[in-house]
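Asker: Sharing a model prediction with you, sequence too.
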Amino acid sequence: MKCLRCGYCCHALSVIIVDDPTKGITEDNLKHHAGGKRCPHLLGNKVGEFSCSLHEKSWYKETPCFAHDQISKSPSDPCRMGVAFTSGKLDPASFLS
């Protein structure tokens, strides 16, 4: 799945995240990020331009965020939620407020 950087997942989904990036993935450094608020690692303020401050960390591929995907035919298929939010078919205010 190709992420369109809409920010939906990082605002609305409940997931386990790394609390302190300097410590990496350790049992005492994981916390529940409840959906409905912005992930503390999310950068940017505009739909279509959000990014994650952890993507470049060597351990990022071990996180639940990296594993997030959708059923698609090809890894290059655009995220369906991203298409909806970046095209205006869904109002991003539903998760950005």
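Answerer: That came through, no problem. Numbering: from 1, shown residues only.
Asker: Enumerate every residue touching the closest residue to residue 34 other than its chain neighbours.
Answerer: Excluding the flanking residues, the one nearest residue 34 by Cβ to Cβ, 6 or more residues apart in numbering is residue 14, at 5.4 Å. Every residue, glycine included, has its C-beta placed from N, CA and C. Neighbouring residues of residue 14 by Cβ atoms under 8 Å, 6 or more residues apart in numbering: 32, 33, 34, 35.
Asker: Please report which of those has the highest neighbour count.
Answerer: Counting neighbours by other Cβ atoms under 10 Å, residue 33 comes out on top of the contacts of residue 14 with 22 neighbours.
Asker: In this structure that one contacts residue 17, no?
Answerer: Yes. With contact defined as Cβ atoms under 8 Å, residue 33 counts as touching residue 17 (4.5 Å).
Asker: can you tell me how far residue 75 sits from residue 69?
Answerer: Distance, residue 75 to residue 69, by Cβ to Cβ, to the nearest Å: 9 Å.
Asker: That's all I had, so thanks and see you.
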